[in-house]
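# I'll drop the sequence and a predicted model, then ask my questions.
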Amino acid sequence: MKQRWIANGLAALACGMMSMGALAAGEQVVMVGLTGPLTGSQAATGKDDENGVRLAIERLNAKGLVIGGQKTRFELMSMDDAGDPRTGMAVAQSLVDAKVKVIFGPFNSGVAIPISSLVNNAGVVMATVASNPSITQRGYPFVFRISASDTQLGSRMGAFAAKNLSLKRIAVVDDRTAYGQGLADQFINAAKENGIEIVAREYTSDKATDFNAILTHIKGSNAQGIFYGGYYAQAGALRMQMKRLGMTGYLLGGDAMCNEELAKVGGSSVDASVYCPQGGPVLSQTPAGRQFAADYAKRFNTSPLTYSAALYDGVNIVAQAMVKADSIDPAKYRPVLQDIKADGISGHYQFNQDRDLTDSPITIYTYRNGAPSPLDPAAK
């Protein structure tokens, strides 16, 4: 509204400053935290998560939400935890000290498990895509998972290996991280229930590059394939070395290897005998998913990977909870988030008593021409 100038310049200046102060007081800023691996071998997935959050925030700010009678602006505070638990604890404390109202991430279960206690005790909502079941099994009311858990992913792949690939003998390798080991354990349970014999159980690390000793041992076991619990950087190298040793069997894994980065690492060895799952529907198979992928590519000049759509949805359902609670205070909007029922790009969001999704669709992918390709939905 235009100010009416009066003769006394000093009085006019004072009036203007008071008006500006009133406008500033009428807008509240919601600090949104993000923790993830923005550097290192998993940087592509960390950046993908960050992009999903950033895109959602930009759109919310364009809408100009009003919460608690104040126009609300969201700002992102993104920090690199390098996929390391100690770094993750320092990052989480920094975000809590900055008085963020929600923390998205981490990507890694090994980071999510230790920081969940810190974040919960601080009374800050945490919405993670980390999949180890224990993250949400410790009764922390502020900790939510917005993607599938290892129980869902590993169990699905165990059944798929038996029913769709007709495997009878398989070796299992994991990287000893909370994610990789938990995923492998769930796969083994389901595989055994479906009549598959685990002929070898081997261990490596999430920094490994040489798998020849492990593969030589597995080759002698006559396994029909390998299930790998770990991340795409190691899975790609593992697959390449399998082919060099003449091991033409299957490579199966979890969601952390299920993106186009796997083929960039493993090259032509990442082929139609590689299978992995992702939580959520296939973006290209829904109008909302296709639009998200197009908007994401236009904004960031790259294609979405594994969890950017889930993080995008996460920001939106938290904002919905804030609007319904008419408060940005986590203590006030958390109960609303617990009871939310909302549809997003990556699926339906409704939480059980552990704050896991009650329905998390899982799609299995193989690889064609260096890119993950979804199987027919009937392949269950």
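The structure has been received and is ready for your questions. Residues are numbered from 1 along each chain as shown.
# Got phi/psi on the nearest residue to A223 once chain neighbours are set aside?
Nearest non-adjacent residue to A223, counting by CB to CB, 6 or more residues apart in numbering: A171, 4.1 Å away. To be clear about C-beta, it is placed using only N, CA and C from the backbone, and glycine gets the same treatment. Per-residue torsions, A171: phi -100, psi 150 (degrees, to the nearest 10).
# now do S166
Residue torsions, per degrees, to the nearest 10, at S166 are phi 60, psi 40.
# And for it, the neighbour number?
9 (other CB atoms under 10 Å).
# got the contact list for the residue nearest to Q285 when sequence neighbours are not counted?
In space, not counting the residues next to it along the chain, Q285 is nearest to P374; the distance is 7.5 Å by CB to CB, 6+ apart. Contacts for P374 (CB atoms under 8 Å, 6 or more residues apart in numbering) come out as 282, 285, 363-365.
# Same check on D329?
Contacts of D329 (CB under 8 Å, 6+ apart): K101.
# Start at 5, not 1
Done: numbering now begins at 5, and the last item shifts to D333.
# Check the gap between it and D275 for me.
Distance of D333 to D275, given as CB to CB, to the nearest Å: 51 Å.
# Next: E62.
From E62 to D275 the distance is 38 Å (CB to CB).
# Next: G184.
22 Å.
# ok, those two, which is more surrounded?
Counted by other CB under 10 Å, G184 and D275 do not tie: G184 has more neighbours, with 31 against 18.
# so where does the more buried one fall, helix or strand?
According to DSSP states H and E, G184 maps onto helix 182-197.
# Walk me through the domains of this structure.
26-152+289-353, 155-283+367-378 (automatic domain parsing).
# possible to save these as a markdown table with mean pLDDT and distance to L361?
Shown next, in a markdown table, are these (pLDDT from 0 to 100; distance: least, CB to CB, whole Å):
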| stretch | mean pLDDT | distance to L361 |
| --- | --- | --- |
| domain 26-152+289-353 | 96 | 7 |
| domain 155-283+367-378 | 97 | 8 |
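# closest one to D360 among those?
When the domains of the chain are compared by CB to CB, domain 26-152+289-353 sits nearest D360, at 5.1 Å.
# How far off centre is the closest one?
Relative to its chain's centre, domain 26-152+289-353 lies at 10 Å (CA atoms, centre = their mean, to the nearest Å).
# measure the residue nearest the centre of the chain to I202 for me?
Geometric centre of the chain, nearest residue: V133, 3.5 Å, by CA atoms, centre = their mean. Note on V133: its distance to I202, by CB to CB, is 28 Å.
# what's the farthest-apart pair in the contacts of P378?
Across these (CB to CB), the longest gap, 13.7 Å, separates Q289 and I368.
# more crowded one of those two?
Taking neighbours as other CB under 10 Å, Q289 and I368 compare with I368 leading, 22 against 11.
# is the more buried one in a bridge, and if so with what?
According to DSSP bridges, P281 are recorded as the beta-bridge partners of I368.
# my read: it touches R160, true?
Yes. I368 is within contact range of R160, at 7.3 Å (criterion: CB atoms under 8 Å).
# okay, and the common contacts of these two?
P281.
# In three-state terms, label P110 for me.
The three-state label given to P110 by DSSP: H, G, I helix; E, B strand; the rest coil is coil.
# can you count the residues close to it?
30.
# give the contact list for it.
39-41, 85, 87, 92, 116, 119, 132, 134.
# Okay, strands next: where are they in the stretch 55-204 of the chain?
70-71, 74-84, 106-108, 129-132, 147-149, 173-178, 201-207 (DSSP state E, counting those that start in this stretch).
# and these, which is most packed in?
Mean neighbour count, computed with mean count of other CB atoms under 10 Å, is highest for strand 106-108 among the strands of the stretch 55-204 of the chain, reaching a mean of 30.
# For this protein, which segments are assigned as helices?
13-29, 47-67, 89-101, 113-125, 154-167, 182-197, 216-223, 236-248, 264-270, 291-304, 312-329, 334-342 (DSSP state H).
# Reformat these as CSV; add distance to Y207.
Formatted as CSV, the helices of the chain follow (distance: least, CB to CB, whole Å):
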stretch, distance to Y207
helix 13-29, 56
helix 47-67, 22
helix 89-101, 18
helix 113-125, 15
helix 154-167, 17
helix 182-197, 8
helix 216-223, 8
helix 236-248, 12
helix 264-270, 20
helix 291-304, 36
helix 312-329, 29
helix 334-342, 38
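# Can I get stretch 106-113 as PDB, trimmed to CA atoms?
Backbone C-alpha positions of stretch 106-113 (Å, rounded to 0.1, in the frame of the first residue of the first chain) are rendered in PDB as follows:
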ATOM      1  CA  VAL A 106      12.100 -30.600  10.300                       C
ATOM      2  CA  ILE A 107      15.000 -32.700   9.100                       C
ATOM      3  CA  PHE A 108      14.900 -34.600   5.900                       C
ATOM      4  CA  GLY A 109      17.300 -37.600   5.500                       C
ATOM      5  CA  PRO A 110      19.600 -39.100   6.200                       C
ATOM      6  CA  PHE A 111      20.000 -41.400   3.200                       C
ATOM      7  CA  ASN A 112      22.200 -43.900   5.000                       C
ATOM      8  CA  SER A 113      20.800 -46.100   7.800                       C
END
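# Just the buried positions in stretch 179-194, please.
Judged by neighbour count using 16 or more other CB atoms under 10 Å, the buried positions of stretch 179-194 are 179-192, 194.
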